[in-house]
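**Student:** Got a sequence here, can you build the structure:
(one chain, ligands or ions: 1)
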Amino acid sequence: MKNFKGRDIIDIKDLSKEEILFVLKTAKRFDPEFVKKDRSNYEIAQGKIAGLLFFEPSTRTEQSFRAAAQKIGMGIIGFNDPESTSIHKGESFKDTIRIIDSYADVLILRHPQGGSAKEAAEVAEIPVINAGDGPNQHPTQTLLDLYTILKEAGKLDGITVALMGDLKYGRTVHALSLALSRFKVKQIFISHPKLKMPDEFTAILKSREVEYEEFDHLPQKFEADFLYQTRVQKERFGDLNEYKKIKDKFILDASFRKYLDQGVKLMHPLPRINEIDPTLDSHQNAIYFKQARNGLYVREALLALVLGRL
Ligand code: NCD
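**Tutor:** Take a look at the predicted model:
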């Protein structure tokens, strides 16, 4: 399967089940848990340039893309403070994209506007990777989430995954739910009624005959293989009072340990604010830091694939 060369990664729906599995398999080539000998990968994309355009704050996504690009030999250009560029002088988004398009070999974009990655891909000739477009999607986060689930559970079919927190504005849960719907995974949604999974996503689950349930609280008898907790996305609320009313409703305190003891694995895309009690961190089934680490291997694989170097 060599059809990744030159391809944009904008919407997780564009990837078939086989393509998703191919990316996950390729990521294993970069994961020291699977590659025991200390093998350097810097020749894979030596001489290529990654253009990282971050119009919104980021820690993991930006830094892991930077690390991944350098690990496979790439150079890096770009910015994470658009105010330091000609955007400050009024340059349009499309013109900025056109310029980076002529300097880089792959463009990695994070932007507060849903649909911005698609818009960039229409202008750019080089592959565009969506690193989060507003409340819409975050497909590379999803690939690392799936990689983590696969590594931990040994399979994707036949499991139950619960998504909790901000299902309305959280782009990670949107893309993850769509990707899981390619597999035989039961999905459980847990959120405040005002932060439910939007219809546009549940409609797709229905059309794919996915089994899912919705709750407005963590059920007493909670049975799932994974619980994917998320942050309430303060920056997407029009009304901050509304945010304040909702933000502390779905917190996992120390009492969640009993579920971890029962084998539920706890994930989170991070950053977390107060929605996971840090005393849970030391539990072997709290896997959010492992999850973040996996992002490096998945992004190395994806960059190498869209550059046609694997
Ligand atoms: C997420 C994001 O930016 O959507 N973070 C990430 O990329 N790991 C989650 C969040 O900000 O809540």
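**Student:** Which helix runs longest in this structure?
**Tutor:** For the chain, the longest helix by residue count, based on DSSP state H, is helix 288-306.
**Student:** list the helices and strands that helix packs on?
**Tutor:** Where contact means 3 or more CB pairs under 8 Å, 6 or more residues apart in numbering; DSSP states H and E, helix 288-306 is packed against helix 17-27, helix 60-71, strand 128-133, helix 139-153, strand 265-267. From N, CA and C alone the C-beta is placed, and that goes for glycine too.
**Student:** Would you mind finding the most buried of those?
**Tutor:** The highest mean neighbour count among the helices and strands packed on helix 288-306, using mean count of other CB atoms under 10 Å, belongs to strand 128-133: a mean of 27.
**Student:** So which bits of the protein are right by the ligand?
**Tutor:** Contact residues, the chain versus the ligand (CB under 6 Å from any ligand atom): 60-61, 132, 138, 141, 171-172, 230-231, 269-271.
**Student:** how about CSV for those, with distance to Glu19 added?
**Tutor:** What follows is the residues of the chain next to the ligand, written out as CSV (distance: CB to CB, whole Å):
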residue, distance to Glu19
Arg60, 23
Thr61, 21
Gly132, 20
His138, 17
Gln141, 17
Arg171, 20
Thr172, 20
Thr230, 25
Arg231, 29
Pro269, 22
Leu270, 26
Pro271, 29
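**Student:** Format the residues you listed as a markdown table; extra columns: distance to Tyr212 and pLDDT.
**Tutor:** A markdown table is the format used below for the residues of the chain next to the ligand (distance: CB to CB, whole Å; pLDDT from 0 to 100):
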| residue | distance to Tyr212 | pLDDT |
| --- | --- | --- |
| Arg60 | 27 | 97 |
| Thr61 | 27 | 97 |
| Gly132 | 24 | 98 |
| His138 | 20 | 97 |
| Gln141 | 20 | 98 |
| Arg171 | 19 | 98 |
| Thr172 | 17 | 98 |
| Thr230 | 16 | 98 |
| Arg231 | 22 | 98 |
| Pro269 | 20 | 98 |
| Leu270 | 24 | 98 |
| Pro271 | 27 | 98 |
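**Student:** quick one, helices of the stretch 151-300 of the chain?
**Tutor:** Here the stretch 151-300 of the chain has its helices, by DSSP state H, counting those that start in this stretch, at 171-180, 199-207, 240-246, 257-261, 288-306.
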